[in-house]
Structure formats: structure tokens, C-alpha cells
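Q: let's see this in three dimensions:
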Amino acid sequence: MAAFQRQVSRFGLPTISSTISKSSAQLTDTKSKRVVLIGGTGRVGSSIARSLAKTSPKLRLVLAGRNREKGEGLASEIGVGTTFQSVDIDDFESITIALDGADLVIHSAGPFQSRKRCTVLEAAIEKKISYIDICDDLSHARLAKSFHDKAVEAGVSAIVMSGLCPGVSNIMAAELVRMAQENASKPEELKFSYFIAGSGGAGPTVLATSLLLLNQNVSVYSQGKLLKLKPYTDETKVDFGDGVGKRSVFGINLPEVTTAHEILNIPNVTAKFGTAPFFWNWLLSQIAGMEFLEDYSKVESFARLSDPAVRAIDVLVGGKVSMRVDLDCKDGTRSTGLYTHPDLSVCAGAATAAFVVPILQGKTLPGVWFPEEREGIPIECREGLLEKASTGTSRYAMIVSYYHLH
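A: Numbering: from 1, shown residues only. Okay, here's the model as predicted:
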């Protein structure tokens, strides 16, 4: 069970601890709900499918992808109510056919970088079907946002950038900001820190996506002004707590920096990432900015060639993932969200599945929303979403510490 800990002050006042009340993270009356999972045969997609099958077994789940043999095998493993359907995300007609009779489509077929169309979202709006994706690219997310008015007109609810990070990390940040504001504190600085042991078993596609980030200057906000830094520089040591400890993290261009600044109105925002063994950090710092990163086909080939070595290292270091979100306020209030899970490939699916609950329960308003926006994930749904997403974690806590500067 997740816990909110409020450490009241450093001046001898008692420490107050409270536990989140058990809330419903399960879907009810799902027998008639049909969910199409685009990219359902991929590593992240299959993880989402398994998580949905465990937490919402009455859903009629359609695994949509190109690999029929793999898709039918996974559908058979998951069991009754799960089927496979061939789909090509670059073929609009193929998508619309797959969405016939669906209540929700989950788009997990990355990478989202450099895609010029939001074909799955466009099809969902045309078919008047709710939509979730795991986009991790700001440009593509903004392109999706351009369909907001059409989604409102069609009565379609869409959440972009769901999943673990961005996604759960954004909700953690939004909750820290809300709790601070309820305590009359003014948020001043927000820091996202991420650690993954090895690749987390992510596979070539996700590895390619990560490599593409090494060709992007890093967006940070300082006193409300956007700054651009070189990728994978500005090393910082961050303490991720028991089981992970202090780790080096480096600047990387992540979309939650901009969305948190704009939506949560935080003047100073950064995001940093680190991996293990440290050799990988050194290698990524050397690759950053290299010319071949401008060509996705070359990046994809490099990722596939590197895959055997990456997997060999993964066997040694495991797939642990840890997120830390820190919020500092003007009055000295400091709050932290911590999330650690032993297996990235498992929790990535659980995190995305957590976003399914409020959207199928009709809690989300029509439109295209980022996770931090209350119209997308209402405040009353955040606790249940975080509880569901933290299933299987070795540590999950939201800690608010009140320090008085005067």
C-alpha cells in the first residue's frame, strides 16, 4: 500500500504519517468494453496487455500489430476474450477497420519521434473512440494537441503521454504541486530524475527512441525562461533511496519539462536520466550529438546491432527502474515523490493500464489532454491511478516536508 508521509518540521514537532485509503483501481462492468491495443505484440504493448488481463479480465482485448504469429501466440497466452488483428499504423484505412466496435484504443507502437501524422488519434476521433498513447516526444504530443477541438466536437477523450515516464511521473508532480498549494506554498522548482538499470529489457525500438534523444538539445526552464543545453551533460548525483542509492543522472530532453512548466506553472524545471553500469552513461555521453543520430534508419540499425550486447549486460544488472520527483517551494517546503520497481518491462505496462480506468469510467472530458491537466485525469482519480501504477513496487511514497525559513 502506498503511503503519504508528512514530516511536519525540523523543530521538534511530531511526525505525522497517514496511509492512502483504499480506492477502487479496478474497472467495473467491463464485460462489454472492447479495447484495441495498437503495437500489442511489442515489448511495451505485450506488458500492457498482460497488465490489463490481470486487473480487468472482463475486457475484450484486441492485440493489433503486424506480427500475426506473435500476436496470436500472446492472445492465446492471455486467454478468452483476447484476439489478434493485423494493422499497419501508417495505413489509415487499416486502423479504422481495426477500431470497429471499440470503446478505447491504446497506441503503444513507437517510436513517436519524427512521425508527421497522428493516424491512430485521427482514426479514433473519426470513429468517436477514446484514445490513450505512450508518446514520449513533445513535438508529436503538440501535434496531437492540435486535434483538441476536433476531439471535443466528436465527444472523444484522449490522453497523450500516458505510461510510466512521462505519465505517472507527471501525475506525481501534479499531486506534489496540489498538496503544496493546499498548504499555501508557492512552487518554485521541479526536478524529474530517472534511473534504469541497463535497458530495462526495453528492446531495440525503445533503445532507438532513447538514442534519438541524444541528438536533441535539452530543454530546461530557469526563472521562467527556456534554456537549451547539450544532451547528456550536467551530471548530478541523486539519491533514489533504498535498493538503488545515489546515482549519476544527466540532462536529457524530456517532454514533461515543458508540460509541467506550462500546465503546473513552475518557473524552474529540469529532467535528468542515468543508467547502469556507469560505462553506459559514458558511452551515451560520447554518442550524444553524433551525425548518425539524424537518420532514424541508421539509429534503428545501430540499436539492433547493439541489442545482443545490451541484453547480455541486462542479465547482469537487471531491469530495475526508479523515479524521483522533487518540488521546492518559496517558503522552504520541500516534497518528494519516489517510485522504484524491480522490473521496467512489467511496471511500464501497469502504468499505462492505470490510465485506462478513468477514461473507460467516463471521468475524462472530451478533448486531447496531457496527464497533468485536470480535465484529463481529474484530481479525484489521481490517487487510484497512482495506486494501480505502483502495483509491485519495492517503494512508492509521496513525502511532504515542511521547513520554515523564517
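
Q: pairing-wise in the sheet, spell out the partners of Ile132.
A: With DSSP bridges as the criterion, Ile132 is bridged to Ile106, Ile159.

Q: correction: Met398
A: Beta-bridge pairing for Met398 (DSSP bridges): Phe4, Gly337.

Q: i'd like the first residue to be 49 from this point on
A: In the new numbering, first residue 49, that becomes Met446.

Q: got a pLDDT number for it?
A: pLDDT for Met446: 91.

Q: same question, the one 4 residues further on
A: Reading off the confidence values, Tyr450 has pLDDT 59.

Q: do the same with Arg163
A: So, for Arg163, pLDDT stands at 84.

Q: give the contact list for it.
A: Under the criterion of CB atoms under 8 Å, 6 or more residues apart in numbering, the contact partners of Arg163 comprise His188, Leu191. For the C-beta atoms, the positions are set from N, CA and C on the backbone; glycine is no exception.

Q: so it, which state does it fall into?
A: Here Arg163 is coil, with the state taken from DSSP: H, G, I helix; E, B strand; the rest coil.

Q: and the gap between it and Leu341?
A: Separation of Arg163 from Leu341 (CB to CB, to the nearest Å) stands at 17 Å.

Q: before we move on, what about Asn316?
A: Distance from Asn316 to Leu341, by CB to CB: 28 Å.

Q: mind listing the strands for the stretch 149-298 of the chain?
A: With DSSP state E, counting those that start in this stretch as the definition, the stretch 149-298 of the chain shows strands at residue ranges 152-155, 178-181, 205-207, 235-245, 266-270, 273-277, 284-287, 294-299.

Q: list of residues touching stretch 301-308?
A: 183-186, 189, 209, 213-214, 217-218, 221, 238, 240, 261, 264-269, 279, 314, 317-319, 321, 418-420.

Q: filter those down to just the ones in helices.
A: Within the contacts of stretch 301-308, residues falling in helices by DSSP state H are Leu186, Ala189, Ser217, Asn218, Ala221, Leu261.

Q: give me the nearest residue to the fourth one, chain neighbours excluded.
A: Pointing back at Asn218 there. Excluding the flanking residues, the one nearest Asn218 by CB to CB, 6 or more residues apart in numbering is Pro419, at 4.0 Å.

Q: only whichever of the contacts of stretch 301-308 are buried, select them in PyMOL.
A: Provided next is the PyMOL selection string for whichever of these are buried by 16 or more other CB atoms under 10 Å:
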select buried, resi 183+184+185+186+189+209+213+214+217+218+221+238+240+261+264+266+267+268+269+279+314+317+318+319+321+418+419+420
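
Q: contacts only, for Ser134.
A: Ala112, Gly113, Arg114, Arg116, Gly119, Ser142.

Q: out of the strands of the stretch 149-298 of the chain, nearest to Ser370?
A: strand 235-245 (4.6 Å; CB to CB).

Q: pLDDT on that closest one, on average?
A: On average, strand 235-245 scores 96.

Q: with stretch 87-106 instead?
A: Averaged over stretch 87-106, pLDDT sits at 89.

Q: mind giving me the packing neighbours of the longest helix along the chain?
A: Longest helix in the chain by number of residues (criterion: DSSP H): helix 344-365. Applying 3 or more CB pairs under 8 Å, 6 or more residues apart in numbering; DSSP states H and E, one finds that helix 344-365 makes contact with helix 252-261.

Q: how much space separates Leu353 from Ala336?
A: Taken as CB to CB, the span from Leu353 to Ala336 is 19 Å.

Q: higher neighbour count, the two?
A: Applying other CB atoms under 10 Å to Leu353 and Ala336 shows that Ala336 carries more neighbours, namely 21 against 10.
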